[in-house]
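Colleague: 3D model of this:
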Amino acid sequence: LSCFDLELNKKFSVSILAHISAGYSAGNIRDAVLLTLSDSKVATIQKVINVGRVSPLTTNDFVSALSKLPFVFKGDYKTFINFVLAQNGEKKRREAKLEPETKDDDKKGKKGKKKKKKK
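Modeller: Down below sits the predicted model:
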């Protein structure tokens, strides 16, 4: 049984799960998935699917597994985010977006006066 064969509850919200998992490391998220989809749980789901019933997974299944794992501290998370923003250039783009007036003023000052044409 692969993860693609599992059916999710209609109320399963990936966006809520993504929001809640912010601050957890990728390894912690992987561990939460492994806790949620343990061999015994997958076997149970497979038996239920073979009988013709569906045992859908819910967001709460993953949230409860995440709650058992260590959280990355806020300071460490901010440091990580700043590192990522600096590496992918997003920090410079955001700074440029916040200060567009400064660049416009510099361009106006560089133009100077236009020369008059001689007749």
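Colleague: show me where pLDDT drops low in this protein?
Modeller: For the chain, the stretches flagged by pLDDT under 70 are 1-11, 54-56, 100-119.
Colleague: tell me, which helix in it spans the most residues?
Modeller: Counting by DSSP state H, the longest helix found in the chain is helix 74-88.
Colleague: list the helices and strands whichever helix or strand comes after it packs on?
Modeller: Using DSSP states H and E, the helix or strand that follows helix 74-88 in sequence is helix 90-98. Counting contacts by 3 or more CB pairs under 8 Å, 6 or more residues apart in numbering; DSSP states H and E, helix 90-98 packs against helix 74-88. C-beta here means a position set from N, CA and C on the backbone, and glycine is covered the same way.
Colleague: Quick one: work out the angle between the helix it packs on and helix 90-98.
Modeller: Per axes from the mean of the first three to the mean of the last three CA atoms, to 10 degrees, the angle that helix 74-88 makes with helix 90-98 is 80 degrees.
Colleague: ok, the most centrally placed residue in the chain to residue 63 distance?
Modeller: Central residue of the chain (CA atoms, centre = their mean): residue 18, 5.7 Å from the mean position. According to CB to CB, to the nearest Å, residue 18 stands 12 Å off from residue 63.
Colleague: got it, and residue 83?
Modeller: For residue 83, the distance to residue 63 - CB to CB - is 27 Å.
Colleague: Show me which of the two is the more surrounded one.
Modeller: The neighbour count for residue 83 versus residue 63, taken as other CB atoms under 10 Å, is higher for residue 63 (15 against 11).
Colleague: Now name the helix or strand holding the more buried one.
Modeller: helix 59-67.
Colleague: Checking the residue nearest to the centre of the chain next. Helix, strand or coil?
Modeller: helix (DSSP: H, G, I helix; E, B strand; the rest coil).
Colleague: So which residues lie in contact with the longest helix of the chain, not counting its own?
Modeller: Outside helix 74-88, the residues that touch it by CB atoms under 8 Å, 6 or more residues apart in numbering are 22-23, 72, 90-91, 94.
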